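Chemist: coords below, sequence missing:
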């Protein structure tokens with residue numbers, strides 16, 4: 001009976017259709033809640049807003065774009081907080097903005113859920129059971145991101161898809177997905193680090209340049225050159241002023257809250273970039289799938305833990321990296337402890353399973369949501385530096401089999 005139960009559980013976890021239905025339902029339920037919650041008064045502004053403000057920011061950015069308005073100033077009649085993305089993303093969001101909110105919000109959340117689902121199933125050399133485990137691990141973080149109507153699940157999916165395309169030598173699509181991630185959030189630029197691992201670097205660079213030009217010019221379908229120039233200038237000014245005193249759930253926040261150390265944020269990012277690149281000196285390991293996918297996991301975690309504005313919905317990226325690292329890696333006692341620390345503190349700590357007093361007095365002040373991901377990233381870099389070629393070869397051929 002015990003073996004039958006185990007087989008049944010494995011079949012359930014391996015069931016693609018089950019996850020498809022589950023992810024769509026999560027997206028719809030996450031949309032219904034804010035759509036039916038009315039409005040509330042913003043403490044600082046004193047005006048009433050809906051409970052899906054991030055979606056409103058994205059939606060109105062398209063309207064502001066076609067109306068020749070500055071995207072990068074406060075539009076308090078429409079939403080609170082600033083729009084912090086490129087004009088190209090505004091054009092992309094016009095796909096959803098043309099619909100009434102009750103349709104557009106559902107479509108946006110379903111898109112986030114399904115593009116991430118599809119990217120995980122596009123990972124090469126993982127069987128459906130392993131892909132199902134990854135989806136279970138990231139489920140709570142996906143829910144957090146979708147409930148905040150954020151774009152982070154899309155960025156995570158773009159990275160994972162780009163890796164899958166690179167592995168299949170579909171370089172034109174791979175470069176499109178990475179380049180588009182940059183046009184959503186600038187930290188997507190770290191995705192270009194994947195190019196280090198693959199041949200045909202000139203072709204990859206030329207494809208990336210092509211997509212950059214195309215994506216950059218797309219807003220000119222809706223505005224003239226002069227207005228675009230003004231928007232780019234305003235966008236740059238916004239980015240300069242956006243470097244606030246916040247540390248977020250990041251390495252900077254960890255150093256500050258745990259050790260009372262405050263370094264220049266750019267210096268911390270530079271150190272993080274150097275540490276990220278250290279394993280790349282082992283050029284002979286590029287041929288091993290395990291090494292390449294660990295690089296993907298490293299990128300997914302890096303873009304969060306070295307982001308001084310990392311917030312809870314951003315961690316769908318980091319936990320996707322953690323899930324890939326854990327599923328592919330050895331289940332040593334240390335790796336198990338690190339993984340379960342991340343699952344509990346990173347994914348579960350923002351939920352009602354943690355009493356509010358624990359979240360407010362311990363989890364948030366001590367950036368406990370970010371600390372396990374920081375430690376896992378350190379372990380991951382260590383593994384990539386010190387794993388022997390013989391071990392990588394065995395794991396690449398045996399431990400991850402495509403069924």
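Modeler: Structure received. Note that the structure is predicted; figures quoted are calculated from it, not measured.

Chemist: residue contacts, the closest residue to residue 34 other than its chain neighbours?
Modeler: Take residue 34 and drop its neighbours on the chain: the residue closest to it by C-beta to C-beta, 6 or more residues apart in numbering is residue 51, 3.8 Å away. Where you see a C-beta, it was placed from the backbone N, CA and C, and this is true even at glycine. Residues in contact with residue 51, defined by C-beta atoms under 8 Å, 6 or more residues apart in numbering, are 33, 34, 37, 38, 39, 40.

Chemist: now, which of the residues you listed sits nearest residue 202?
Modeler: Distance to residue 202 across these (C-beta to C-beta) is lowest for residue 34, with 46.9 Å.

Chemist: who are the neighbours of the helix or strand hosting that closest one, in terms of helices and strands?
Modeler: Residue 34 belongs to helix 16-35 when assigned by DSSP states H and E. Packing contacts for helix 16-35, counted by 3 or more C-beta pairs under 8 Å, 6 or more residues apart in numbering; DSSP states H and E, involve helix 101-121, helix 128-147.

Chemist: residue 150 falls within a strand, correct?
Modeler: No. Using DSSP: H, G, I helix; E, B strand; the rest coil, the secondary structure at residue 150 is coil, not a strand.

Chemist: before we move on, back to that, ok, which of the helices and strands packed on helix 16-35 comes nearest residue 379?
Modeler: helix 128-147 (16.5 Å).

Chemist: how far off centre is the closest one?
Modeler: 12 Å (C-alpha atoms, centre = their mean, to the nearest Å).

Chemist: what do you get for stretch 56-71?
Modeler: The answer for stretch 56-71 is 24 Å, by C-alpha atoms, centre = their mean.

Chemist: ditto for stretch 342-349
Modeler: With C-alpha atoms, centre = their mean, you get 16 Å for stretch 342-349.

Chemist: isn't residue 279 up against residue 387?
Modeler: No. Residue 279 lies out of contact with residue 387 (C-beta atoms under 8 Å); the separation is 9.2 Å.

Chemist: which neighbours do these two share?
Modeler: With C-beta under 8 Å, 6+ apart, residue 279 and residue 387 have common neighbours 285, 291.

Chemist: hmm, back to that, how about the helix holding residue 34: buried residues?
Modeler: 19, 22, 23, 24, 26, 27, 30, 31, 34, 35 (16 or more other C-beta atoms under 10 Å).

Chemist: closest to the centroid, which residue in the chain?
Modeler: The chain has residue 317 as the residue nearest its centroid, 3.1 Å off, counting by C-alpha atoms, centre = their mean.

Chemist: chain neighbours aside, what residue packs nearest to that residue?
Modeler: residue 156 is the one closest to residue 317 (C-beta to C-beta, 6+ apart), at 4.6 Å.

Chemist: likewise for residue 130?
Modeler: residue 327 (5.2 Å).

Chemist: next one, pLDDT for that neighbour please.
Modeler: What the model reports for residue 327 is a pLDDT of 96.

Chemist: mean neighbour count, distance to residue 267 and mean pLDDT added to the helices and strands packed on helix 16-35, as a markdown table?
Modeler: Output for those, formatted as a markdown table (neighbours: other C-beta atoms under 10 Å; distance: least, C-beta to C-beta, whole Å; pLDDT from 0 to 100):
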| stretch | mean neighbour count | distance to residue 267 | mean pLDDT |
| --- | --- | --- | --- |
| helix 101-121 | 20 | 33 | 98 |
| helix 128-147 | 21 | 29 | 96 |
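
Chemist: and the ones you listed: which comes nearest residue 254?
Modeler: Nearest to residue 254 among those is helix 128-147; the distance by C-beta to C-beta comes to 18.8 Å.

Chemist: which stretches of the stretch 301-403 of the chain have low pLDDT?
Modeler: 388-403 (pLDDT under 70).

Chemist: mind redoing it with 80?
Modeler: For the stretch 301-403 of the chain, the stretches with pLDDT under 80 are 387-403.

Chemist: residue 38: neighbour count?
Modeler: Using other C-beta atoms under 10 Å, the number of residues around residue 38 comes to 9.

Chemist: kindly report the same for residue 170.
Modeler: A count of nearby residues for residue 170, using other C-beta under 10 Å, gives 15.

Chemist: can you check the one 4 residues further on too?
Modeler: Residue 174 sits with 26 neighbouring residues when counted by other C-beta under 10 Å.

Chemist: repeat that for residue 202.
Modeler: 8.

Chemist: pretty sure residue 50 sits against residue 41.
Modeler: No. Counting by C-beta under 8 Å, residue 50 sits too far from residue 41 to count as a contact (11.8 Å).

Chemist: how far does stretch 37-44 sit from the chain's center?
Modeler: Worked out by C-alpha atoms, centre = their mean, stretch 37-44 lies 28 Å from the chain centre.

Chemist: first-to-last residue distance for it?
Modeler: End-to-end distance for stretch 37-44: 20 Å, by C-alpha to C-alpha, to the nearest Å.

Chemist: and it, average pLDDT?
Modeler: Here the average pLDDT along stretch 37-44 is 82.

Chemist: and for stretch 166-186?
Modeler: Stretch 166-186 comes out at a mean pLDDT of 97.

Chemist: give the buried residues for that stretch.
Modeler: Buried, per 16+ other C-beta under 10 Å, within stretch 166-186: 166-167, 171, 173-185.

Chemist: ok so, going back, so which strand or helix has the residue nearest to residue 317?
Modeler: Assigned by DSSP H and E, residue 156 belongs to helix 152-167.

Chemist: chain center to that helix, what's the gap?
Modeler: That offset, for helix 152-167, works out to 9 Å (C-alpha atoms, centre = their mean).

Chemist: mind giving me the packing neighbours of it?
Modeler: Using 3+ C-beta pairs under 8 Å, 6+ apart, the elements in contact with helix 152-167 are helix 101-121, helix 128-147, helix 171-184, helix 289-305, helix 315-328.

Chemist: which helices and strands sit right next to the second one?
Modeler: In terms of contacts (3+ C-beta pairs under 8 Å, 6+ apart), helix 128-147 is packed against helix 2-13, helix 16-35, helix 101-121, helix 152-167, helix 315-328.

Chemist: that older thread, neighbour-wise, which of residue 50 and residue 41 wins?
Modeler: Taking other C-beta under 10 Å, residue 50 and residue 41 do not tie; residue 50 has more neighbours (16 against 9).
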